[in-house]
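Student: Have a look at this prediction, sequence included:
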Amino acid sequence: MTISDRLVAVGTAGLSTALRKRGYHDVFVDGVGPLAAGMRLAGPARTLRLVPFRPDLFAERGGGFNPQKQAFDTAGAGEVLVIEARGLAETGTLGDILALRARHRGAAGVVTDGAVRDSPAVAATGLAVFAKGAHPSVLGRRHVPWETDVVIACGGAAVVPGDYVVGDADGVLVIPAALVGEVLAEAEDDERRDAWIAARVAEGEPVEGLFPMNASWKTRYEAETGR
Ligand SMILES: O=C([O-])CC(=O)C(=O)O
Ligand SMILES: [Mg+2]
């Protein structure tokens, strides 16, 4: 399995615990959700930064093959395109044509703290998209597509190009690239342990002494699982 496949398999809840232990409490892209139920993604971030609309700045960078279009046309296989839209839900930041392009490039998905336009068609592309909502407007209503591949803010989280971004039904979070190996390994161990605990709770055991495990549960866990 690739790192991205393993991140999707372990899920955001387990990853958030391992991040929190290391002091990373503010790595959540808050306020966004999947465009369709069941969408999941993981991969290294490419970034696109939108700045507040201004006629002169829009004239400089808003038209033609602008940074928004450049970002989608150059999205890499397995990458997650993350868009800084300052949390504004009243303007689209991508639509079906750009989603199709990202899909064709093999991108893992898109995360935007703005809205999506052409939203039924975007969902139909099969690309995993996490957004604040849907809105018919083009981005020029509120934004100027300014630059790609810089550190951005998205949903309150800082995103550095190359950070790993993971999204599922619980939400979206960001893992600094240097931490992904240790965070993933620890979250996988914790998830295996929690699955074992969940099986005991499903059998009717109380959580007291079991979650977290006391010494006697630990002994049984180690004996049964070899961990
Ligand atoms: O104009 C936009 O922002 C994007 C759009 O509609 C599309 O990708 O289809
Ligand atoms: Mg469109």
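Tutor: Nice, thanks for sending it over. Computed from a predicted structure; not experimentally measured. Ligands and ions are numbered 1, 2, ... in the order given.
Student: Relative to Leu179, how far out is Asp193?
Tutor: Quick fix: residue 193 is Arg, not Asp. Separation of Arg193 from Leu179 (CB to CB, to the nearest Å): 20 Å. From N, CA and C alone the C-beta is placed, and that goes for glycine too.
Student: okay, the biggest strand by length in the chain in CSV with CA atoms only?
Tutor: Longest strand in the chain, counting residues (DSSP state E): strand 41-52. Provided in CSV are the C-alpha atoms of strand 41-52 (Å, rounded to 0.1, in the frame of the first residue of the first chain):
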residue,chain,number,x,y,z
LEU,A,41,-8.8,11.4,-0.2
ALA,A,42,-5.1,11.5,0.9
GLY,A,43,-2.0,12.9,-0.8
PRO,A,44,0.6,15.6,-0.8
ALA,A,45,-0.7,19.1,-1.1
ARG,A,46,-0.4,21.5,-4.1
THR,A,47,-1.6,24.9,-3.1
LEU,A,48,-3.6,27.7,-4.8
ARG,A,49,-4.0,31.1,-3.1
LEU,A,50,-6.9,33.4,-3.9
VAL,A,51,-6.8,37.0,-2.7
PRO,A,52,-9.7,39.5,-2.2
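Student: list the helices and strands it packs on?
Tutor: helix 3-10, helix 67-73, strand 80-84, strand 109-112, strand 143-148, strand 152-154, strand 164-168 (3 or more CB pairs under 8 Å, 6 or more residues apart in numbering; DSSP states H and E).
Student: domains in the protein, as residue ranges please.
Tutor: 3-176, 182-225 (automatic domain parsing).
Student: how far does the first one sit from the chain's center?
Tutor: Distance of domain 3-176 from the chain centroid (CA atoms, centre = their mean, to the nearest Å) equals 8 Å.
Student: does Arg22 really touch Leu179, like I thought?
Tutor: Yes: the criterion here is CB atoms under 8 Å, and Arg22 meets it with Leu179 at 6.7 Å.
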